[in-house]
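Peer 1: below: sequence and its predicted model.
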Amino acid sequence: MIKTYTPFVSDLKKVLFPIKGLSNRPFLKKICCYLILLLPLAAHAQKAVTGTVKDSKGLEVIGATISEKGAANTTTTDVTGRFKITLKKQDGILVVSFIGYKTKEVTVGESGNVAVVLQDDLNTLNEVVVVGYGAVKKSDLTGSVSTIKSDDLNLGGTTANLGQAIQGKAAGVQVQQSNFAPGGAINITIRGGNSINTSNAPLYVVDGFISDNGNLINPNDIENIEILKDASATAIYGSRGGNGVVLITTKKGKAGKVSIDADVSNGYQFLTYKPALLTGQQYTDIQNATAIEDGNPAPFPASFNVANTNWLKLATQNATVENRSVSVSSNDKTSKIYVSGNYMKQIGVLRHTDMERYTARIGAEKTLNENIKIGANFYGAATNTDQQSYSGDITAPLFSILTAQPNIPAYNADGSYYIYNGKNNALAGLLEPTNTSENKLFNGNVYLDYSILKNLTYHFSAGSEYSQTTSGQYTPRTLVAGAANGGIGAEQMSTAFRWLVENYLTYKFKVGVKNDFTVLLGNSNQKDVSENLGASSQGFPTDEFLFYNLSAGSVPISYTSGKSQSNLTDYFGRVNYSFQDKLLATFTLRDDASSKFGSNFRHGIFPSGALAYKLTDEDFIKNLNTFSSLKVRLSYGVTGNDRIPNYQYLSTFTNYSTVLSPGGALQVGIEPSSLPNPNLKWESTAQFDAGLDMGLVNDRLNITLDFYRKKTSDLLLNIPIGQQNGFSTELVNGGSVQNQGVELGINSTNIKSKDFSWSTSFNVAYNKQKDLTLAPGVSNIITNTANPSGTVSGQGFTKLVPGQELGELYGYVYEGVIKTGETYAPQPNSKPGDPKYKDVNGDGKITPDDRTYLGNTSPHFTGGFGNDFHYKGFDMNVFFQGAFGYYLYNMNQLVLESTTGAAALNRFVAGVNENTSVPREGYFLSSYGSYVNSRFVENASYVRLKSLSLSYTFPGQMFQNLRILQGLKIYAEGQNLLTITGYKGTDPEVNVHTSNLGGGLDFGAFPAFRTFIVGIKASIH
């Protein structure tokens, strides 16, 4: 080789080394010449490589990382799974990796083209889990955290909020839909309710921003959700972590080229709540017979023109839901961006109810250099709703619909509403009033991550949230009240604004080779401001104005306004320690200072600690040849709950007007509305958790088991005080509640082959709640029902005393009806056909002391069971969800049995129908007992086929020659298809009572329905 280049080297001497003196250094001349000669050889050593990356099913893997081993040389696969890379070494080795797959090393052949097949990585322990102010590998978790990925969410159809998306997906997380109206409220409780008077809702954190509206996020934008359940995981949020924390990470863009994804679906809804009702003639006959039995004339003589109106059928309809989503995303080495828009419109199965929502999201992240990364998230939503009242009383339109007389018509011959006895037409009461709500929501945050040193990073974030809700009501002249008052209009507007600034430092270091530390120190500052404004008037010249021109009303009724604000300043720290990657420890401390509490207890300290030990590599575990992973966890900590109105520790005032002298002018002034209490402080929850995480069969089977016990102390309760202060009660800290339970989560990969796969997820949780103490001077707390008719007042239906659960039903034990000739000593004045109640205390008479506990209204068991099947391009998901061990008070049935329900056909009739449990004329007229009794307390346990979906993804090869369309998927889904339950009311999930103590009331709720959806998804690149 040297001989070949000798003449060339001789020539180079003349060209490259004309410098005087250099020719006297022959060794240096030769070295320089040979270095020059190696340059083209080095360039020749670089090698261009192309290839594809697919999974075991033959599907393209988009965004897989391809790097050259031992060199700073990386690229990613495009939307077709293809890549191109130029190796820096002639014999370079490719390292191919992607989340969810095993990393693979590939030797490049002479052809320079490779086909890589990645195998699924069933070991999820290397997944990164988001925790408060940071992230850790799942294998390093010391706390109890449930993770739900976007592919596992309940999506499609009427899924409009977070609660619907996660129901049944995480052990210990109870989701209850209080009504099924479009955009209806969802209650989420983690490990049982802690509080009596304050909120039991979890804290929502979206992309690091603490939001009061996190549950309203568009579920299609979610990448994954982490639910922090024990104190070790939640204590970093201090005074707001007592009810658990829901961390939401939104999508930031797919790897590869710019991608446009569209999802279009239409859904159809059908009523499932169809109570048996009387026909017009049946109702007429019963009303006449009952009147005659009481010695009164028949209310409907033979001349009465009996109609046959099914009011429920007229008030309901087969409804629709439309869902349109589009997103644009991109993700390269230094930039990520995700832009999405969604439109959803749902028409309710109850007429004159609907919801229309527009949402938009932008998420972007940019790595400026190896030290600095910046990002931003912005979200906006506008929601318009036509709604009804579902407050669980006789003002609810559904109450009027269910109890409307079926023997009168709905319309006159000219199409106007039929009016009977001067009362509102039930259908007009549903269709004629205006009741709208418009909500506008915006939140956004920006953040910066700066690497100060190799292992020291600084994070800064700042964000704000603004929400405005405008509601309006108008009662027109087509209704009795509207006609009497010339129309009644009202409008309310409320706004809420929050800003939040957070800073924290994270430092990672080693002590020796076995000890790893991660230290976090941070500060958070938050301010909340809320305002409200409202007015109402009546006496309008026309109904056309609705509530948009209240000044047109000749008679002002009321006007209100208000403003409040609060501040929260926090300091927090956390230390994570690992010894040989086996022994793990986490210690957290947070100091919160809130303006909601007086100077005596303005600061709250919330500590926690957790230990975990990985047993997998211990010899005595290895020798079992059973576990592929095994970890035990222990944690204990204290968290808080600050969900109370502002200024509760102060003496507040309200307006008061009076006349000081006979015939004098009205004097406007103020008066105290509450007593001060500078000793108010946070409700605090101390929680112990013991957990076990294990993987078996090479992590094809993963099991998580947790036992917990938590005690919430210093409950905020109103206690009775002497009237000498001008008030009957005062808000104080007192009382405690305990929750304890067990959670089990199982995920398995049952079959995994090239063409077919089957995986299963199962979770079940048990929770038992008990009130330990109440505040001094408080022996019990009773919650009343609404009045079930216009002539009957509400009565107590739950009672809380130490030793009982919150919201436990309390009333009389029903024992049938008094028969003809029967003498029942405890009810000496009862007549045949009257309701009969049990003498519980045995004193020989029926009194309020005979009331007893009839059943808990919070489920003791909750669970979910899902199966995913994949065969070539077909995917099927079957998901069941259920709740067990609880009861509901079926107040709808109580009312129907006494009015228009078909159960009245089986009422007691002396000498004709005495073998029955249905009283002769209901429960309202009896002088004994109450309508709150065991007859209407029903076991509400249920199992529901929550969703069944089937989809087909067209093969990627079909679109290889297309420049635009790169993917296509069609799908169909059914929601709430089947419910197995013994409950006979609206739905076993329903609860129209919002009080923590008054759960389990089914009365006037929005009727339940099932949904069928068809849709198509397309990807454009």
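Peer 2: Yes, it's here.
Peer 1: my read: Asn525 touches Asp592, true?
Peer 2: No. In this structure Asn525 lies outside contact range of Asp592 using C-beta atoms under 8 Å: 11.3 Å. Just so you know, the C-beta spots here come from the backbone N, C-alpha and C atoms, and that holds for glycine as well.
Peer 1: mutual contacts of these two, please.
Peer 2: 568-570 (C-beta atoms under 8 Å, 6 or more residues apart in numbering).
Peer 1: what about the most centrally placed residue in the chain, which SS state?
Peer 2: Nearest to the geometric centre of the chain sits Gly163, at 2.5 Å (C-alpha atoms, centre = their mean). Counting by DSSP: H, G, I helix; E, B strand; the rest coil, the backbone at Gly163 sits in helix.
Peer 1: how about Glu531: what's its closest non-neighbour residue?
Peer 2: Closest residue to Glu531 apart from its sequence neighbours, by C-beta to C-beta, 6 or more residues apart in numbering: Lys563 at 4.6 Å.
Peer 1: between Asn525 and Asp592, which one's more packed in?
Peer 2: Asp592 (23 against 14; other C-beta atoms under 10 Å).
Peer 1: could you measure Ser111 against Asn377, distance?
Peer 2: Separation of Ser111 from Asn377 (C-beta to C-beta, to the nearest Å) stands at 45 Å.
Peer 1: who's more crowded, the two?
Peer 2: Higher neighbour count among Ser111 and Asn377: Asn377, with 24 against 8, using other C-beta under 10 Å.
Peer 1: quick one: the more buried one and Tyr447, what's the gap?
Peer 2: Asn377 is 8 Å from Tyr447, by C-beta to C-beta.
Peer 1: quick revisit: not counting its neighbours along the chain, what's nearest the residue nearest to the centre of the chain?
Peer 2: For Gly163, ignoring the flanking residues on the chain, the nearest one in space by C-beta to C-beta, 6+ apart is Ile186 at 3.1 Å.
Peer 1: can I assume the residue nearest to the centre of the chain is in contact with Ile188?
Peer 2: Yes. Applying C-beta under 8 Å as the test, Gly163 and Ile188 come out as touching, 5.2 Å apart.
Peer 1: overlap of the contact sets of those two?
Peer 2: Listed as contacting both Gly163 and Ile188 by C-beta under 8 Å, 6+ apart are 175, 215.
Peer 1: picking that back up, any idea which helix or strand carries the residue nearest to Glu531?
Peer 2: strand 555-579 (DSSP states H and E).
Peer 1: list the pairing partners of the next helix or strand after that strand within its sheet, with orientation.
Peer 2: Sequence-wise, the next helix or strand downstream of strand 555-579 (DSSP H and E) is strand 583-594. Strand partners for strand 583-594, identified by DSSP bridges, are recorded as strand 555-579 (antiparallel), strand 603-614 (antiparallel).
Peer 1: ok, residues contacting strand 583-594?
Peer 2: When contacts are defined by C-beta under 8 Å, 6+ apart, strand 583-594 is touched by residues 140, 142-143, 232, 235-239, 566-578, 602-614, 635, 637, 640, 642, 682.
Peer 1: try 7 Å
Peer 2: Applying C-beta atoms under 7 Å, 6 or more residues apart in numbering, the contact partners of strand 583-594 are 140, 142-143, 232, 235-236, 238-239, 566, 568-578, 602-613, 637, 642.
Peer 1: repeat that for stretch 559-567.
Peer 2: Taking C-beta under 7 Å, 6+ apart as the rule, stretch 559-567 contacts 527-535, 594-596, 646-647.
Peer 1: just the buried residues from these, in PyMOL please.
Peer 2: Listed next is the PyMOL selection for buried residues among those, using 16 or more other C-beta atoms under 10 Å:
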select buried, resi 527+528+530+535+594+595+596+646
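Peer 1: okay, among the contacts of stretch 559-567, which ones form the most distant pair?
Peer 2: Spatial extent of the contacts of stretch 559-567 (C-beta to C-beta) is set by the pair Ala535 and Ser594 at 32.6 Å.
Peer 1: show me where pLDDT drops low in the stretch 251-400 of the chain?
Peer 2: The model of the stretch 251-400 of the chain has pLDDT under 70 over residues 254-256, 391.
Peer 1: now the nearest residue to Arg191 once chain neighbours are set aside: phi and psi?
Peer 2: Excluding its sequence neighbours, the residue lying closest to Arg191 (C-beta to C-beta, 6+ apart) is Gly172, at 5.0 Å. The phi and psi values for Gly172, taken as degrees, to the nearest 10, are phi 80, psi 0.
Peer 1: my guess is Gly172 meets Ile227, correct?
Peer 2: No. Applying C-beta atoms under 7 Å, one finds Gly172 not in contact with Ile227, separated by 8.3 Å.
Peer 1: what is in contact with these two at once?
Peer 2: Ile190.
Peer 1: pick out whichever of those two has more residues nearby.
Peer 2: Gly172 (28 against 25).
Peer 1: which ones are touching the more buried one?
Peer 2: Counted by C-beta under 7 Å, 6+ apart, Gly172 has contacts 190-191, 229, 741, 743, 765.
Peer 1: distance to Tyr886 and neighbour count for those residues - can I get that in TSV?
Peer 2: Formatted as TSV, the contacts of Gly172 follow (distance: C-beta to C-beta, whole Å; neighbours: other C-beta atoms under 10 Å):
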residue	distance to Tyr886	neighbour count
Ile190	17	27
Arg191	16	29
Lys229	21	28
Gly741	14	21
Glu743	17	25
Ala765	13	24
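Peer 1: thinking again about what came up before, mind checking how far the residue nearest to Arg191 is from Thr704?
Peer 2: Distance of Gly172 to Thr704, given as C-beta to C-beta: 11 Å.
Peer 1: next: Gly864.
Peer 2: 14 Å.
Peer 1: these two: which is more packed in?
Peer 2: Remark: of Gly864 and Thr704, Gly864 carries more neighbours, 24 against 20, as counted by other C-beta under 10 Å.
Peer 1: beta partners of that one?
Peer 2: With DSSP bridges as the rule, Gly864 is bridged to Asn763, Gln881.
Peer 1: that one and Val792: what is the separation?
Peer 2: From Gly864 to Val792 the distance is 40 Å (C-beta to C-beta).
Peer 1: do the same with Gly422
Peer 2: Going from Gly422 to Val792 by C-beta to C-beta gives 21 Å.
Peer 1: between the two, tell me which one has more neighbours.
Peer 2: Between Gly422 and Val792, Val792 has the larger neighbour count (other C-beta under 10 Å), namely 17 against 6.
Peer 1: residues contacting the more buried one?
Peer 2: Contacts of Val792 (C-beta under 7 Å, 6+ apart): Phe924.
Peer 1: who does it form a beta bridge with?
Peer 2: The partner residues for Val792, given DSSP bridges, come to Ser789.
Peer 1: ok, now how distant is the nearest residue to Asp152 once chain neighbours are set aside from Leu153?
Peer 2: Counting by C-beta to C-beta, 6+ apart, Asp152 lies nearest to Lys169, which is 6.1 Å off, once chain neighbours are set aside. With distances taken as C-beta to C-beta, Lys169 is found 7 Å from Leu153.
Peer 1: circling back to that earlier point, name the nearest of the contacts of stretch 559-567 relative to Thr542.
Peer 2: For the contacts of stretch 559-567, the nearest to Thr542 is Ala535 (18.7 Å; C-beta to C-beta).
Peer 1: which helix or strand in this structure has the lowest average pLDDT?
Peer 2: Ranked by mean pLDDT, DSSP states H and E, the weakest helix or strand in the chain is helix 6-16, scoring a mean of 41.
Peer 1: the host helix or strand of Gly444 - what's its average pLDDT?
Peer 2: Following DSSP H and E, one finds Gly444 within strand 434-451. When pLDDT is averaged over strand 434-451, the result is 95.
Peer 1: residues of that strand that come out buried?
Peer 2: Taking 16+ other C-beta under 10 Å as the criterion, strand 434-451 shows 434-437, 439, 441-445, 447, 449 as buried.
Peer 1: would a markdown table of those residues with distance to Gln769 be doable?
Peer 2: What follows is the buried residues of strand 434-451, written out as a markdown table (distance: C-beta to C-beta, whole Å):
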| residue | distance to Gln769 |
| --- | --- |
| Thr434 | 41 |
| Asn435 | 35 |
| Thr436 | 38 |
| Ser437 | 33 |
| Asn439 | 33 |
| Leu441 | 33 |
| Phe442 | 38 |
| Asn443 | 33 |
| Gly444 | 38 |
| Asn445 | 36 |
| Tyr447 | 39 |
| Asp449 | 42 |
